[in-house]
Structure formats: structure tokens, C-alpha cells
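Q: Show me the folded form of this:
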Amino acid sequence: MELTSKIYIAGHRGMVGSAIHRNLQKKGFTNFIFKTSSELDLRNQQAVSEFFEKEKPEYVFLAAAKVGGIQANNTFRAEFLYDNLCIQNNVIHSSYINKVKKLMFLGSSCIYPKLAPQPLKEEYLLSGLLEDTNEPYAIAKITGIKMCESYRRQYNCNFISVMPTNLYGPNDSYNLNNSHVLPALIRKFHEAKAANSSYVEMWGSGSPLREFLHADDMADACVYLMQTYSGEQHVNIGTGTDLSIKELAELIQKIIGYTGEIKNDLTKPDGTPRKLMDVSFLHSLGWKHTIGLEEGIKTVYEDFKKRENVKVW
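A: Numbering: from 1, shown residues only. Just a heads-up that it's a prediction; the model follows:
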């Protein structure tokens, strides 16, 4: 990519897309195309087709998606499948039709089988059954990977896919009905401290192991790979280390300064027992993360407090 290349970031206002935008700006890129979801419904095939034909972006970061935590994934199963398939189909196909030089599709670690060996290697894709609670979302993301692979093989498109691990960072969602575990715990502990509550309720047993990557690290990896990698194989993006949900909760509790008790709601699902990315392929390509988890949560909590003042959940 040249600094003046025309770049379209689909989903530029979300946590992932906004992080990619910040990273590109820091590196000197200046020519961006933005459309909010109200301006361009990526589920609408005709609208997306007309947008690409008019704007002719050279590079595309496909970071737009319907996302959420366990409850949202399990409740809105049809929407997670339909919406994400529509978004991917429209953007990827229009990129091919309009001769986009390079496209990056962003997936998720949930593409891997529920009981796959740990850490998760790229080659474990489609080697077993998926976790039921987020199966529709995972199937949509797997389809996106295969679309990029198939358009590459049939049409010689330079479309690549990356699979970030669990992300956190600025512009995250703190809505307790659909947010992921880390921002949900930040909000719970913050509100419990403010209300002087005697305990905080945490979903599940706290035993599942999870890996967390700051969105700014994720964005740096994406921009790095967009500039240096053009292989068919999708690439895991993560830290290569994990911790239990209980340990995560205790770390957030310490950072926020909440002194009450943590209680487990065992009626709520745990999800996959462990999801740790094997990032040896990414490391071999020359990129490693730089933001530690405690450092990252501290910065995110400061961002949360600013949003909390205006109740932006």
C-alpha cells in the first residue's frame, strides 16, 4: 500500500475498524473511504455493488460484522448467520468485480472446533465440531475464509484472512446483554464499586481459559500483514498466552479497586473450555504483540470511565 492508496475500512466505527484506522493514520496513510451503517447497509447487495463501482477502493479491510458475547450469539443465531454472510458475500464479491488490489477478511478464533488440541493451529480448521453457543457466527466466519481462498484460486484475487483472538480496547461494547467477557467484567466491577455492592456476579465457573489481545496490537498486526503477506493460509493473531476467566476477573477487580466478593452464576454457560491461539506462523512472518494484559486493561478502564460519564454503552 502507498500512503495515498484509497483504503476502505468496512466497520470503521467499531473497536476493530477504528483501531485499524488509528494505526494507518499513525503510519501516514491519508486516503480513506468511510460509510456508517446508516449510510451503507452492507447486507444490501445492490447498495454495496453501487458503492464499490462509484468509489473504486484499492485496498479493503473487512472488519464489519455482527458480533457479541455468548448470550447474544446463542439468542440471535439466525441474525448472526444471515447478517454476517450477507456482509461478507457482498464486500468480497464487489471487491473482486471492481478489481480491488488486496482485501483482508477478519474472522475470529471461534472458527476452530470446540475440542481442538491446544494451542489452536491454523490447520485445525474444519477438523471437528464447533462450540454450539456460537456455531452460526463461526460458520459465517469459516465461509468468509473459504470465500477468500476460493476467489484467490479461481480469480487470482489477493484476498487474505486473519483470525484474531479475543480482543479488547477503545470503542468496545459494555452492554451487558451482548458484550464480551472482559468489557462486561469491567462494567460490573466498576458499578459494584460505585454502588458499594457486597459482591459481583460472574457467569459460569470461571475455569475456562482465554487469551486476550489489545485492539491496537491487533490493528498493527493487520496493517503489517496487509503490507507483507499474500498467502492463501489464514493467519492467527494473538499473544500465545492465556489465563482463566477467574484470574481475569481478579485482575480487573484489582485494577478497579473493588474489595467485595466474586460469586459464580453456575446457571450460565462456560462456553469452550480453552481457546489459545498458536501464533508461531505469525511470529515466523515477523510480528509479535507488545501490549501486556494488565497494562492494556488499565488503559481500557480509563477509556471506559470517559464513556461512563456520558453513559455510552
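
Q: Residues in contact with the strand or helix carrying Glu50: which ones?
A: Secondary structure from DSSP states H and E places Glu50 in helix 45-55. Applying C-beta atoms under 8 Å, 6 or more residues apart in numbering, the contact partners of helix 45-55 are 6, 8, 33, 35, 40-42, 86, 89-91, 94-95, 97-98, 100. Any C-beta I mention is one placed from the backbone N, CA and C, and that applies to glycine too.

Q: Just give me the closest of those to Ser179.
A: Using C-beta to C-beta, Leu42 is the member of those that lies nearest Ser179, at 21.8 Å.

Q: The closest one in helix, strand or coil?
A: Of the three states, Leu42 takes coil according to DSSP: H, G, I helix; E, B strand; the rest coil.

Q: What pLDDT is listed against it?
A: pLDDT, Leu42: 98.

Q: Please report how far it lies from Lys306.
A: 29 Å (C-beta to C-beta, to the nearest Å).

Q: What separation is there between the nearest residue to Phe212 once chain neighbours are set aside and Gln88?
A: Leaving aside its chain neighbours, Phe212 sits nearest to Asn166 (5.1 Å; criterion: C-beta to C-beta, 6 or more residues apart in numbering). Applying C-beta to C-beta, the value for Asn166 to Gln88 is 21 Å.

Q: between these two, which one's more packed in?
A: Under the neighbour definition other C-beta atoms under 10 Å, Asn166 and Gln88 were set side by side, and Gln88 has more, 24 against 20.

Q: Now that one, what are its backbone angles?
A: The phi/psi pair for Gln88 (degrees, to the nearest 10) reads phi -60, psi -50.

Q: so who does the residue nearest to it when sequence neighbours are not counted touch?
A: Among residues not flanking Gln88 along the chain, Gly144 sits closest, at 4.4 Å (C-beta to C-beta, 6+ apart). The neighbourhood of Gly144, defined by C-beta under 8 Å, 6+ apart, consists of 62, 84, 88, 92, 105, 107, 161.

Q: Now find how far off-centre the helix or strand harbouring Gly144 is within its chain.
A: Per DSSP H and E: Gly144 is located in helix 135-155. In terms of C-alpha atoms, centre = their mean, to the nearest Å, the centre of helix 135-155 is found 16 Å from the chain centre.
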